[in-house]
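Trainee: what's the 3D shape of this:
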Amino acid sequence: MKTSTLHGPAVERFRMTAVVAALAAAGATAPAGAVQVFPMSGDHAFRAAESWNWWISDDAYADAADFWRYPPDRAARVAWPRGGHASGTAATTLGGVSYTGDTSKIISGVVTLTGDSSWSGNTVANGNTLVFESGIINNGATFTDSNAFNALMQNYSGPNAFNNAGAYVKNGASTSTIQVAFNNSGSTTVNAGRLELDGNDRSSGSFSVASGATLAFANGTHNLNGVTVSGGGTLEIGGSTSYSFVNVNGGTLSSAVLISGGNLQGRGATFTGPASWTGGEITGPGTDTFSGSFTITGNGSKYLYGGRVLALTGDANWSNNTSAGGNTIVFGGGTLSNIGTFTDANAFNAVMQNYTGINDFDNEGAYTKTGTGTTTIQVPYDNTGTTSVNAGRLELAGGGTDSGTFSIASGATLAFTSGTHNLNAATVNGRGTLEVAGSTSYSFVNVNGGKLSSAVLISGGNLQGRGATFAGPASWTGGEITGPGTDTFSGSFTVTGDGSKYLYGGRVLALSGAGKWTGNTAASGNTIVFGGGTLANTGTFTDANSFNAVMQNYTGINDFANVGSYTKTGAATTTIQVAYDNTGSTNVNAGRLELAGGGTDSGKFTIASGATLAFTNGTHSLNAATVSGRGKLEISGSTSYSFVNVNGGTYSAPVLVGGGNLQGRGATFTGQASWTGGEMTGPGTHAFTGPFTITGDGSKYLYGGRVLALSGASSWSGNSAASGNTVVFGGGTLVNAGTFSDANSFNALMQSYTGINDFENTGSYTKTGSATTTIQVAYNNTGVTSIRSGTLAFTGSLQNTGTITGAGTLAAPTAGFVNDGAISPGLAGAGKLAITGNLTLDPTSTLDLDLASLTKSDLLAVSGTATLGGEISIHDAGYAPAVGDSFVVMTYAQNIGASVFSGIDLQGFAPGVGFNLVYNATNVTLDVVSAGAALGGATSPIAAVPEPSEGMLLVGGLGVLGLLMRRRASVRR
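Mentor: Residues are numbered from 1 along each chain as shown. From the prediction side, this is the model:
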């Protein structure tokens, strides 16, 4: 350091020119006790009444205890063109300082500037640095920053500050960085370049940022308390989120704002200028309102944290990500409130991430998505305004409450994918798709009224709430429709895809348009699972699945109410396990439709040729229903679980009773029918007028007072083992008024299990086959029973007022057979009919016998006793009578009471043919006594003559002697 010795009582007595000259010439060391001074320039003496300009030279060290006390009572203006260190412990007031040059200046202590100061003249970046070492500048005047290159107020050590109570003006186009606390209670004007504040400060003054200029808070904690920020330039909040904090507490902020980093926090304020958010956090309790345009842009994530409300009242734009997941807005306890317009124009997939805390996107204005990518909003989205999805896919994945309008353009999708969404009288329109998606464990969409006309896709999640009417086309590929309420789909509704769908919790799915269930690719794919749900079809419902499909009855009370038309077109099997109530029309055009859950039906069923409608489980009540078509109506399933109550109606389709219980008041079935298993049970009559086949090895049950009335061509056949194809009676009646063919290959049984049972044959019963058929029930024949072969055994009661014929064996009941009708051995010609057991021919009975030749005639062979009575009728079946011919017409073990026939009738013989009827111990013979000559004489009553006497003489023709002739029509097969 250069020093000089100054003489005199006071320094101010010397003129500066002399001092400068002495210093310039001396270079000597001041003697002991001399006053230390610094090189100064000026043309005035140090007089107390004047202010001076001080020049701090290179290598000078200004100590506040010495240097700053000159002059003692005036603030000097100091020029500091080069380096040096201004320091001291006492506060100093200066009229102003001119900081120039490229070298650094070190400032320690407190300096108050009352005059205009300047900071300028650097020629390199970071030249003219002001280094603060526990230094404070209090600016009360105008401080002009005009550096041409980047400049720095460096926070080197200690507490440092630039307190601006006056005016700070930045003019240079470069960047000035103030690392020390910049406390602005005056005005700060950034006319050009960039002013970067990096210290911890507190401001309540004004900031004016000119067009093209930037005021940046890049580091430290900044407290803006009621400040004003204006101008056409940009206020930037930047820096690291770990080190930069800008607390905005009220104020007027009209300049443009760029949030590129750091933390925007504090109580908040209203920003009226255009704003951009490219990074950083908006955080902490409070509300930041942006009434101008607000752009969220760039690939970096943005953070809305800590209870912050970001309120957008102008035109907002979220755009310009350059990769999927770029430009993410991360919520950590924040609310985005839009009451202006918010345009989502990201080119790639974008996310509003629900990171932590309670978060919300409150849209009271207009949200418009224009980008073709997918935007996922994971935070709750509350829409009371309008949301327009003009392109791409908008996924709402955080729940929310919506009473506003959603408009979805063609090709676009609005998807509710997670969270609980409450659509309260919301409007959803447009040609795009509203999708309910996501996991059924996490995605819930409550629709409570509203107008919903867009297309709908239910691919997952839960559609619930009070319900609404959906007017657009809809598809259901997965997820649940659940909870109390009704969802009405008046447009087309397609249930498709292999995944299961769930109708749960008291939900009513009402379809009034064109419904379609189709598209499974494997058996049991595309299952609709009911867990307390109702499917109500008042439109058209087409079942076109290619593979077996199921409507599963999982739990609760479930129902398919078909008021419209249900049409099955697929060739596979569809099983409806829920109750199926058909008051409309059900058309089975192909495949098999199994109704396995009961139901009440008063509508129409139409079954196409080759198709089957099967009632396989549950209780079905067909009340005056109509079943038609060439396909098959099947009653099947377990007799413990399948019940079909038929109460009137028209049934013209073929019927298969293969299991279950056919019951109810009954009806008339006019189509062909088969009975392979199951029960016909309960009070009532089922009348089958078409062909009726009882077949298969399984037992069939006629129970509970049921009448099975057959008036067509019936058959009982097809067993493959003894006692197969048993008909078990448990209080039932079989009435045959048509033809009944018993053609079982093995022994067969009509079993009397319990109750009063009856077989009423008013038509024809024909037994064929070599096996034995046992009828344990009461058999009442008023028609024709023909035993062509084998044995027809009766173990119950047997009543015959009709005709029994055939060439087989009739096994009489243990108590014997009392016949009141006709017995006609043989088939078309003469033959033998055997009766095992005892036979009683009551007076009303008729024994019809054919004589075809001497070796071919009818025979009734009774293995037990015979009690004769009634009429014997002899028919000429081509026999040429010859005197001496004898025919055995009846055999028995014993003739009880030497009984005889009470009447004889000859049919078809020429006049004069005479027969002698002889009653022997074990048989009755018919002897020819006249081959055609007329026998005159008087008539006499018929009298039995004990064996071996002749019993009676029978003569053909009129005027028969000794014969009481009776002509009566013969009852034949």
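
Trainee: ok, T387 - contacts?
Mentor: By C-beta atoms under 8 Å, 6 or more residues apart in numbering, the contact list for T387 reads 363, 366-368, 394, 404-407, 414. Placement of C-beta: from N, CA and C, glycine included.

Trainee: again, 6 Å this time
Mentor: 367, 406 (C-beta atoms under 6 Å, 6 or more residues apart in numbering).

Trainee: ok, now how distant is it from V309?
Mentor: Distance check for T387 against V309: by C-beta to C-beta, to the nearest Å, it reads 20 Å.

Trainee: how about T175?
Mentor: 33 Å.

Trainee: again, but for G465
Mentor: Counting by C-beta to C-beta - G465 and V309 are separated by 28 Å.

Trainee: do M352 as well
Mentor: With C-beta to C-beta as the criterion, M352 and V309 are 15 Å apart.

Trainee: higher neighbour count, these two?
Mentor: Neighbours per residue (other C-beta atoms under 10 Å) separate M352 from V309, with M352 holding more: 27 against 18.

Trainee: for that one, give me the pLDDT.
Mentor: Per-residue pLDDT puts M352 at 94.

Trainee: give the pairing partners of the helix or strand containing it; include direction for each.
Mentor: Per DSSP states H and E, M352 falls inside strand 350-356. Its sheet considered, strand 350-356 pairs with strand 329-332 (parallel), strand 374-377 (parallel) by DSSP bridges.

Trainee: moving C-terminal of the longest strand anywhere in the chain, what's the next helix or strand?
Mentor: When the chain is parsed with DSSP state E, its longest strand is strand 655-669. Sequence-wise, the next helix or strand downstream of strand 655-669 (DSSP H and E) is strand 673-681.

Trainee: not counting its neighbours along the chain, what's nearest G199?
Mentor: A181 (4.0 Å; C-beta to C-beta, 6 or more residues apart in numbering).

Trainee: pLDDT at the one you found, what is it?
Mentor: pLDDT, read off for A181, is 96.

Trainee: same check on W80?
Mentor: At W80, the pLDDT recorded in the model is 88.

Trainee: equivalent analysis for T384, please.
Mentor: 97.

Trainee: ok so, going back, my read: the residue nearest to G199 touches N200, true?
Mentor: Yes - when contacts are counted by C-beta atoms under 6 Å, A181 is listed as touching N200 (5.2 Å).

Trainee: in terms of neighbours, single out the busier of the two.
Mentor: Taking other C-beta under 10 Å, A181 and N200 do not tie; A181 has more neighbours (23 against 19).

Trainee: number of nearby residues for F271?
Mentor: 27.

Trainee: show me the contacts for it.
Mentor: 253, 257, 290.

Trainee: list just the nearest of those to L656.
Mentor: F290 (75.4 Å; C-beta to C-beta).

Trainee: partners of the closest one in the sheet?
Mentor: With DSSP bridges as the rule, F290 is bridged to F271, L312.

Trainee: how many neighbours does it have?
Mentor: Count around F290 with other C-beta under 10 Å applied: 25.

Trainee: what do you get for P843?
Mentor: Other residues close to P843 by other C-beta under 10 Å number 11.

Trainee: swap in T575?
Mentor: Neighbours around T575, by other C-beta under 10 Å: 21.

Trainee: check N647 too.
Mentor: N647, neighbours per other C-beta under 10 Å, totals 18.

Trainee: please, which helix or strand holds it?
Mentor: Going by DSSP H and E, N647 is in strand 642-651.

Trainee: packing partners of that strand?
Mentor: Applying 3 or more C-beta pairs under 6 Å, 6 or more residues apart in numbering; DSSP states H and E, one finds that strand 642-651 contacts strand 618-628, strand 655-669.

Trainee: what's in contact with it?
Mentor: 615-617, 619-627, 635, 660-665, 667, 669.

Trainee: helix/strand/coil for the residue nearest to H421 when sequence neighbours are not counted?
Mentor: What sits nearest to H421 in space, not counting adjacent residues and going by C-beta to C-beta, 6+ apart, is V445, at 4.7 Å. State at V445, reduced to three classes by DSSP: H, G, I helix; E, B strand; the rest coil: strand.

Trainee: count of neighbours near the closest residue to S764 other than its chain neighbours?
Mentor: Leaving aside its chain neighbours, S764 sits nearest to V784 (4.3 Å; criterion: C-beta to C-beta, 6+ apart). Neighbour count for V784, taken as other C-beta under 10 Å: 25.
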